[in-house]
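> Got a predicted model here, sequence first, then my questions.
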4 protein chains.
Amino acid sequence: MHIDKNRLEKLNKERLPRHQRLLELSMAHLEGQGIDMEDVVKELQAFQMAIPSWALGTGGTRFGRFAGGGEPRDLQEKIADVGVLHALNQSSGAISLHIPWDVPSDFQAIKDLARSYDLVFDAVNSNTFQDQPGQPLSYKFGSLSHISADVRAQAIEHNLEVIKIGEQLGSKALTVWLADGSSFPGQHSFRTAFENTLDSLQSIYKHLPTGWSVFIEYKPYEPNFYSMVIPDWGTSHLLASKLGPQASCLVDLGHHLPNTNIEQIVAILMMEGKLGGFHFNDSKYGDDDLTVGALKPYQLFLIFNELVDDMKNTASRPSWMIDASHNLKDPMEDLLQSIEAILIAYAQALLVDRTKLLEAQQANDATLAQEVLQEAYRTDVRALVAEARRRAGGALSPIVVFRALGIRNTLVKERGSSVTSTGL
Amino acid sequence: MHIDKNRLEKLNKERLPRHQRLLELSMAHLEGQGIDMEDVVKELQAFQMAIPSWALGTGGTRFGRFAGGGEPRDLQEKIADVGVLHALNQSSGAISLHIPWDVPSDFQAIKDLARSYDLVFDAVNSNTFQDQPGQPLSYKFGSLSHISADVRAQAIEHNLEVIKIGEQLGSKALTVWLADGSSFPGQHSFRTAFENTLDSLQSIYKHLPTGWSVFIEYKPYEPNFYSMVIPDWGTSHLLASKLGPQASCLVDLGHHLPNTNIEQIVAILMMEGKLGGFHFNDSKYGDDDLTVGALKPYQLFLIFNELVDDMKNTASRPSWMIDASHNLKDPMEDLLQSIEAILIAYAQALLVDRTKLLEAQQANDATLAQEVLQEAYRTDVRALVAEARRRAGGALSPIVVFRALGIRNTLVKERGSSVTSTGL
Amino acid sequence: MHIDKNRLEKLNKERLPRHQRLLELSMAHLEGQGIDMEDVVKELQAFQMAIPSWALGTGGTRFGRFAGGGEPRDLQEKIADVGVLHALNQSSGAISLHIPWDVPSDFQAIKDLARSYDLVFDAVNSNTFQDQPGQPLSYKFGSLSHISADVRAQAIEHNLEVIKIGEQLGSKALTVWLADGSSFPGQHSFRTAFENTLDSLQSIYKHLPTGWSVFIEYKPYEPNFYSMVIPDWGTSHLLASKLGPQASCLVDLGHHLPNTNIEQIVAILMMEGKLGGFHFNDSKYGDDDLTVGALKPYQLFLIFNELVDDMKNTASRPSWMIDASHNLKDPMEDLLQSIEAILIAYAQALLVDRTKLLEAQQANDATLAQEVLQEAYRTDVRALVAEARRRAGGALSPIVVFRALGIRNTLVKERGSSVTSTGL
Amino acid sequence: MHIDKNRLEKLNKERLPRHQRLLELSMAHLEGQGIDMEDVVKELQAFQMAIPSWALGTGGTRFGRFAGGGEPRDLQEKIADVGVLHALNQSSGAISLHIPWDVPSDFQAIKDLARSYDLVFDAVNSNTFQDQPGQPLSYKFGSLSHISADVRAQAIEHNLEVIKIGEQLGSKALTVWLADGSSFPGQHSFRTAFENTLDSLQSIYKHLPTGWSVFIEYKPYEPNFYSMVIPDWGTSHLLASKLGPQASCLVDLGHHLPNTNIEQIVAILMMEGKLGGFHFNDSKYGDDDLTVGALKPYQLFLIFNELVDDMKNTASRPSWMIDASHNLKDPMEDLLQSIEAILIAYAQALLVDRTKLLEAQQANDATLAQEVLQEAYRTDVRALVAEARRRAGGALSPIVVFRALGIRNTLVKERGSSVTSTGL
């Protein structure tokens, strides 16, 4: 479905007086600090987040799944849903495909469809953590790290296939999340598993098209429960270094041991020029895959504080993607909340007075450094985010419009109330 | 299938000379410490562990499931599999049913079948964490704690139904694992959820048959990722206290936050007379549901050290059950390894010189206390465990026999290679 | 030292125009939501936080301590420092003494001094985690839980002494933080340690004056590293229940295992009428004792959301205290930042639209529930907090005034630059 | 003091019959598996562990310290204490000095003294985490990473001084544990801190004598509570790689986030040729610095399993050291228990049937792999360890002899009962 621009504008108009008042408040506040609101709004407008093709459906846990309604039944409908999100917030202008769940049958048609929603194709994702029907060899005991050269060859081949699909869509990167590992001590040799993985990745790397990147994702546990072959940024970085300049690391916020300082990892990877991909979500316990900003908004701000620090100095950006599981909320509302939280954190990070922060750091004035960061964090930037969206043609409040337009109901009517849309 | 006693004995006979030599070694060792091996062997023989009806099939994660072969297709075959385990180790003489996955159609036939394998029915388990086909109201947002009285009534009714089934089988306890909780701040009121749960449990409690118990299980997270209604032993104990003497707590080894001292919880619950159920598994990261003793055998020993301490003073025993997920190993081999690990920990705990330990404690001699515990733990008790099994008619080495008899192959031939046996 | 009211007012006056503009804009924002700013400001003005007598000096770790300057040398100077804080923020109107570090020699003089700063004496804290010079028996292996009745008697006697001191000062509560535990398996019996502790606490309880409370603090580890006698809220609650209505639990934000849902514990304890004391700080890894709000401001808000929910229904308040360690920052600046963070979280919690939240909960609308909470959390409430302070006679920005008045320099001149003020 | 060889032998003689019986039985057991006990005993005899000079005194926490008695008052007495340990277990033949706590005044005398106890000097440790009396610039806000070039220069100079001291003693390595970090977001720039550290380490590196190594230790938190400059193996490895071949990583068992798979880190670092140092201790919660093997003996075994795997292929060994804090136990007894636990884990790892393990891995037979590892782990190897010690001239049971000889009492008489021996 396509959002009716007129209805959107009408809803914006109702909200406009209140918005303008709040925006004035924000402007007054920022001027007092010598910040030009226009600069911030421009940066916010430019920010685009990829939505993965599997995120439009309801997720679940190993204990069960409670279907929502109106979930997309095929790639066309997934693209349409991202199109709705992008129409509402003008910040979701990319889609990231998961292969083999979403292989286009007609590439040109799919590209045309995406273009009609103003969407591009971001990094493509391979899947060697599940067996697909008819697949000759099983990934039960690993894929790129498997003890058997035949299984590794099959997994390499799959990744090359994914690259080919991505090329036809205009993607520029391959994301490898390797679920390989062991659930029991002794099950495999850490060293052999690493060496096999490196060898497999090298086979993939040498087929990377010019201008492409490969992102190496890391995760400490799940689906393996004793060790993962790529458990942490150190291992991801070691592999990416051995592979070469087209390889870099992918940080997923949920893939860390309790209490990890993620913002430091982000800073160090950027310093080394090895931060290629970034998956957003939030969590309290593990890889909970909750709405971004639902649990740790200050950590999100601190991460953006590092990102902004680096983005000043370089034109390159990591591939941003939301990677969450929508078990209870409407997936589209969940994604809208996630992007809102990201834009708020980004806006706050843009407000940080970096000159003053540097002075505090040079004086070892931890009190002042905290004041500077929290001055930005405590600022209500929602009007700035809404203004950026409004100017780009989106909704002042995407969730309010999503509900006011009865989008989910329309989709349920179109698609039915009990569809399973992901391959999980 | 029934194990061929003659083949089992023949295999035992081959292993016997080596076994007897090791047993002598153990005896020599124990005599030096004034321990009568016969006492230990007798206790080991008496120990019986329940196998849950869902544990005979291959488990999975939210990312996928890799089927094994020869998995049981119905309750009869699940009972047969437990029968095989019990024939091999003589320590798995009970089965714990999960309702509605394993509702008997003919109770007398099922009871006769179980008796033919020398099995009894342990605690019955209710399931309100999934929706079943045709179920009027959904548990997506909770069951016994649900905001809607109608959903709560449905969940209460299910538990009463489970009790009725249990009564017909000779069970004496109901295990309630409540998956209810919230994944987002604000989603529900902690207080209302607790009060609704208490109210629901009271409705169930008043229908408990005489001689029955209800076990309240706790878990800090998963499938909900912000809060669980019964997250810890404190909440479980608070509920059990309010319910009355027939209610007690259930400890599952995998249901704790990182670093929790589980043995202390066990000791305190026993002191309060409120330890009713006990689920065994092992884990490194969360509720990993790995083979018992695969990761933290010393913790297992320390827990048994507390259990043995209490078991001296009381005739009552918690309901022991294995609660693991067999994602990679053959489920039956996995269960055999788990029970072996449990018996080893139990035997080691029986060897602890409690008089000397008490002396060390009274002198605050932490060095000596550690020596006493580790003297027991470092002792190789495998011959004692094997001897207890041999005397009871089991296999000296259950796993070796399981493989030698080609049991899995036989089951695959019988049942096929791609069955999904659990309701998960 | 006493703050010069004229200089404070002068500094406020300079800041006033900007403050009033921000306040007006905040008011406009709140009015749009039907909230009366006056109600919020009144609640904020009423909020008073106790400062512990040991918090005015520089803290350290086991690896060392880096002294600050101008630290108070005796109880009189500690009271003076709290007086300065209170003059600046009008929210630190209480002091919590630690015995034996701060035993007054002349009670009347000390009370007069406190009154001159408009301070009252909050809960008194006993200390049986250190040995004091000349103390007959050592607490190396415990105090209230000690295996020796003589050591227990000494520790009980100390607590009774602390109560007597508290009575003379007008305190109404005794806080017991029991550092007892074990660092090695077997070192003591969990059960004996619990029973001894209960027995000791009962001996203290029966001497509690009318109108007094005793708060039982819990902590999972440190200074003992295998088990603590009171490791969690469940144990604290079990003890408090056995003791009687004058006993309740004390929650310290830093005393939890990784990922614990503290706001749920707070809600359940309030529901049971057993939340007596509350220690504020922040942490990333363990009991880090950092500035409140420095790491997890959203968690702080969620906790206040529970507190506010309960405070509507009851006149009683927990004893609030800051319990942090100022290793790097100026302790007084650190305390000012902590109280600011607390007031901000409190103000945000007061803004939560509870009617709408309840509606969302009744509809299981997790998206909306999050919107409601974050609507409040994302609001910039700093002008409200400043206004409450201004009306009470405090500084619009306490830290700015603290620095502008050169308070630390004055104190260094008075007291020297290398004083150790705590008993740690 | 020197151990009386005659008394030691007499005590061994009393224990000998029991020892020989257990040894014979162990041999029988091993022969059944085709293992030659002599090979194992030889490896055990060769294993030598360094004792740090600060480990002979009682440690403490930030909440206090409870002195033991008879602690060494100077470097001579520390060497004497290590000499006693080595006489008892013949496995503690090295001492690791901490500068500036233990700077020898007369190098030749100290070397002669060490030689008289058959001790060599292992890696030397620098200390820039504390300020020493008279030190011009403070390390309160860092040392090698400090924002000020002057502070960095001072810290570099100290490390060069430590190398010079080490050279005179025959040490071959410098251990750098950098406590630098930040306790508050914004306090310093992650990037600047890393770059300064790298620069400082390069200045030290270029002065490393030929044949020397520098070990880069990592730690996730404490004494800084928001970030450490070298928090994990990834950062340590990045620095060591940039420095060059004489730099490598140091793994301290207690310096990891909850649930980290340490054995995997060990394997990967060995694969990369970058495992230089190894600090042993045990912990449940954080850097608890408890007796090795007191909490997680199976993890210790799994780590040794990796070490042994690598030690087959290379002659080089990491620098082994015990790094624990003896808060409650007699430090010398604690060290004896630690070394016993290490030797047991080492012996068990030597028993692993690596051919069978490899077969299991090649067949993805996780059940069998676990059987192979646990076959070794469950074997009672204490008689082998005792035999290795006996042959080397040590005590069959070092702790029993330590107590039987009344060593602590003698030391208390010599040195008094309230000495503080460490610089902490």
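In hand now; what should we look at?

> give the contact list for the closest residue to chain B within the stretch 301-424 of chain A.
As assessed by CB to the nearest CB, chain B sits closest to residue A:328 within the stretch 301-424 of chain A, at 5.5 Å. No exception for glycine: its C-beta is placed from N, CA and C like everyone else's. Residues in contact with residue A:328 (CB atoms under 8 Å, 6 or more residues apart in numbering or on different chains) are A:66, B:140-141, B:183-184, B:187, C:366.

> Just send these back as JSON lines, with distance to chain D too.
As requested, those are arranged in JSON lines below (distance: CB to the nearest CB, whole Å):
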{"residue": "A:66", "distance to chain D": "29"}
{"residue": "B:140", "distance to chain D": "31"}
{"residue": "B:141", "distance to chain D": "31"}
{"residue": "B:183", "distance to chain D": "22"}
{"residue": "B:184", "distance to chain D": "24"}
{"residue": "B:187", "distance to chain D": "27"}
{"residue": "C:366", "distance to chain D": "29"}
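
> what's the distance between residue A:337 and chain C?
Relative to chain C, residue A:337 is positioned 6 Å away (criterion: CB to the nearest CB, to the nearest Å).

> Help me confirm that that residue is found in a strand?
No: going by DSSP: H, G, I helix; E, B strand; the rest coil, the assignment for residue A:337 is helix, not a strand.

> what's the neighbour count on the residue lying closest to it once chain neighbours are set aside?
The spatially closest residue to residue A:337, leaving aside those adjacent along the chain, is residue A:291, at 5.1 Å (CB to CB, 6 or more residues apart in numbering or on different chains). Residues near residue A:291, counting by other CB atoms under 10 Å in any protein chain shown, number 29.

> so residue A:291 touches residue C:370, yeah?
Yes: using CB atoms under 8 Å, residue A:291 and residue C:370 qualify as a contacting pair, with a distance of 7.0 Å.

> Between these two, which contacts overlap?
When contacts are counted by CB under 8 Å, 6+ apart, residue A:291 and residue C:370 have A:337, B:184 as shared neighbours.

> one step back: quick one: which two of the contacts of residue A:328 are the most distant?
Longest distance between any two of the contacts of residue A:328 is 14.9 Å, between A:66 and B:184; criterion CB to CB.

> the more surrounded of the two?
It is residue B:184, of residue A:66 and residue B:184, that has more neighbours when counted by other CB under 10 Å, with 24 against 17.

> Among the contacts of residue A:328, name the ones in strands.
Judged by DSSP state E, the subset of these located in strands is empty.

> Give me the distance between the residue nearest to residue A:337 and residue A:399.
Distance of residue A:291 to residue A:399, computed by CB to CB, to the nearest Å: 12 Å.

> what does the stretch 201-350 of chain A have sitting close to chain C?
By the rule CB under 8 Å from any CB of the partner chain, the part of the stretch 201-350 of chain A lying against chain C is A:258-259, A:261, A:284-285, A:291, A:293-298, A:328-330, A:333-334, A:337, A:344.

> Would you list the buried entries among those?
Neighbour-count burial within these applies to A:258-259, A:261, A:284-285, A:291, A:293-298, A:328-330, A:333-334, A:337, A:344; the criterion is 16 or more other CB atoms under 10 Å in any protein chain shown.

> Among those, which are located in helices?
Secondary structure defined by DSSP state H assigns A:297-298, A:333-334, A:337, A:344 of these to helices.

> what's the spacing between the residue located most distally from the centre of chain A and residue D:84?
Here chain A has its C-alpha centre computed as a mean, and the residue farthest from that point, by CA atoms, centre = their mean, is residue A:363 with 36.7 Å. Applying CB to CB, one obtains 50 Å for the distance of residue A:363 from residue D:84.

> try residue A:94
For residue A:94, the distance to residue D:84 under the criterion CB to CB works out to 69 Å.

> same check, this time on residue A:231
Note on residue A:231: its distance to residue D:84, by CB to CB, is 42 Å.

> go on, residue A:281?
From residue A:281 to residue D:84 the distance is 56 Å (CB to CB).

> re the thing from before, max pairwise distance over the ones in helices among the buried ones among the residues of the stretch 201-350 of chain A next to chain C: which two?
Across these, no pair lies farther apart than A:298 and A:333, at 23.2 Å, counting by CB to CB.
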